[in-house]
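Trainee: No sequence on hand, only this structure:
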C-alpha cells in the first residue's frame, strides 16, 4: 500500500511540475515575441503586385489568437484598361508557423467586386422607308457581384515588426453575367506592411 501511495505522490508532483514548466514556457514565448516586435495584434499592409499594375490594394488584419486572424482588403482600379474597378474582400486566416501569426497560412474569403464591361448595343430604327436601319454603338456598364474564394501563402516577420507576405488564390463570383472579367476574381499578392 505504501508503494502505491508513493508512486501516486511522485506521479502527481511530476504532473504539477510539468504544468508549471508549460505555463512558464508560454509566458517566455510571449515575452520574447513582444521584445522583438511580434507582440502587436494589428497589421497594415499594401499589395505591391497590384499597385504596380494600377490596382492598389490596402489591407488591415487583426490577430485574435496566435494562429488565427481576420482582415479586410480594399482594391481600387485606377487604370481604365483594367476591368476591375473596386473590390472589398474580408478574409479569415489560419496560420501553421511556430511564431505568432506567421509562416504558412490558408485563407477563406468573400468578395464584393465591381467590374466594368464593354459591349456592342444593336438597335433597330424604323423609318418611313422600307426596311429601316440598324444602329450599333459601343457602350460600357458596371457590374457588381459577390463571391467566395480561398488562398494559401506565407508571412515573414522581421525583428522590428515589419512583414512581407506572398499568397495565391482564386474566388468564384456569383451572378456575374456579361463581364469580360469572367466568373472568377484573383486573390494574389506580394505585400509589405507593419505589425503594431
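Mentor: Cool, the structure landed. Treat the numbers as computed from the prediction; the structure is a model and nothing was measured.

Trainee: which residues touch the helix or strand containing residue 191?
Mentor: Per DSSP states H and E, residue 191 falls inside strand 184-195. The set of residues external to strand 184-195 that reach it, using C-beta atoms under 8 Å, 6 or more residues apart in numbering, is 37-38, 40, 42-50, 57, 59, 84, 87, 89, 107, 109, 111, 113, 147, 149-151, 153, 157, 161-173. Just so you know, the C-beta spots here come from the backbone N, C-alpha and C atoms, and that holds for glycine as well.

Trainee: Stretch 47-58 too?
Mentor: Outside stretch 47-58, the residues within contact range by C-beta under 8 Å, 6+ apart are 44-46, 59, 73-79, 81-82, 84, 87, 188-192.

Trainee: Could you do stretch 148-168 as well?
Mentor: The contact list for stretch 148-168 (C-beta under 8 Å, 6+ apart) reads 36-38, 40, 43, 45, 91, 95, 97, 99, 101-111, 169-172, 174, 185, 187-196.

Trainee: about what we covered before: from the contacts of strand 184-195, keep the buried residues only.
Mentor: Buried residues within the contacts of strand 184-195, counting neighbours by 16 or more other C-beta atoms under 10 Å: 37-38, 43, 45, 47, 50, 57, 59, 84, 87, 89, 107, 109, 111, 113, 147, 149, 151, 153, 157, 161, 163, 165, 167, 169, 171, 173.

Trainee: In strands only, show me these.
Mentor: Counting by DSSP state E, the buried ones among the contacts of strand 184-195 place 43, 45, 47, 57, 59, 84, 87, 89, 107, 109, 111, 113, 147, 149, 151, 153, 157, 163, 165, 167, 169, 171, 173 in strands.

Trainee: Wait, the second one touches residue 61, no?
Mentor: What it means is residue 45. Yes. Under the criterion of C-beta atoms under 8 Å, residue 45 makes contact with residue 61 at 7.0 Å.

Trainee: Run through the residues that contact the residue nearest to residue 72 when sequence neighbours are not counted.
Mentor: Nearest-residue entry for residue 72: residue 90, 4.5 Å, with adjacent residues in sequence omitted and distances by C-beta to C-beta, 6 or more residues apart in numbering. Residue 90 is in contact with 70-73, 109-110, counting by C-beta under 8 Å, 6+ apart.

Trainee: now these as TSV including pLDDT and distance to residue 143?
Mentor: Listed next are the contacts of residue 90 as TSV, based on pLDDT from 0 to 100; distance: C-beta to C-beta, whole Å:
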residue	pLDDT	distance to residue 143
70	97	27
71	97	25
72	97	22
73	97	20
109	97	20
110	96	17
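
Trainee: most surrounded residue in these?
Mentor: With neighbours taken as other C-beta atoms under 10 Å, the top of the contacts of residue 90 is residue 73, carrying 23 neighbours.

Trainee: Many thanks, I have nothing further to ask.
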